[in-house]
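A.B. asks: For reference, the sequence and a predicted model appear below.
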Amino acid sequence: MTQSKIRPWIINALVAAIYIVLSVGPAAFNLASGAIQFRVSEGLNHLVVFNRKYIWGIVAGVVLFDAFGPGASLLNVVFGGGQSLLALLLVSWIGPKLKAVWQRMVLNIILFTLSMCMIAWMLMLVGGATAFWPTYLTTALSELIIMSITAPIMYGLNRVLRFSERIGK
């Protein structure tokens, strides 16, 4: 394999590792799973705005954390990974039609917030919640807050790190 083919694999492995590390802190305070989720790692979802090749590292981080972190279960892996994959694919499909980075980031925030219905539904299935709408409200609000806080951070980091160039074309 040439360096240009190995580079995306290595970078996606690093993104997955960073996702897991950033999820451990909130998990210590029981804020990484359940009806209220403040995973700082969700800010990495914004990487897809810069290059769609980051999808696999983000999804791998979600799946691994959901498989081995607090609340680990097969349903958590399927719904958490599925929700992330669906939202990331939608952003990578619709995003290029938007000219400005901030517009793609707003799209990303909206799609991730709306797709938290999948997590609320999963919490209902596993008995972690008793009512869908209040659970959806708290998970969506949590996602909206963390994605909104991390958007300007990722925007600023991109100005220095140039995410679109790091993973390759």
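C.D. replies: Done, it's in.

A.B. asks: max-length helix in the chain?
C.D. replies: Secondary structure of the chain per DSSP state H: the longest helix is helix 132-161.

A.B. asks: Beyond that helix, next helix or strand please.
C.D. replies: Using DSSP states H and E, the helix or strand that follows helix 132-161 towards the C-terminus is helix 163-166.

A.B. asks: distance between that following helix and the chain's centre?
C.D. replies: 18 Å (Cα atoms, centre = their mean, to the nearest Å).

A.B. asks: cool, and stretch 73-89?
C.D. replies: 10 Å.

A.B. asks: What of stretch 110-126?
C.D. replies: 13 Å.

A.B. asks: now do stretch 125-144
C.D. replies: Here stretch 125-144 shows a centroid-to-chain-centroid distance of 17 Å under the convention Cα atoms, centre = their mean.

A.B. asks: So which bits of it are buried?
C.D. replies: 128, 129, 135, 136, 138, 139, 140, 142, 143, 144 (16 or more other Cβ atoms under 10 Å). Yep, even glycine has a C-beta here, placed from its N, CA and C like the rest.

A.B. asks: and which of those residues is nearest residue 15?
C.D. replies: Of all the buried residues of stretch 125-144, residue 15 sits closest to residue 143, with 18.6 Å by Cβ to Cβ.
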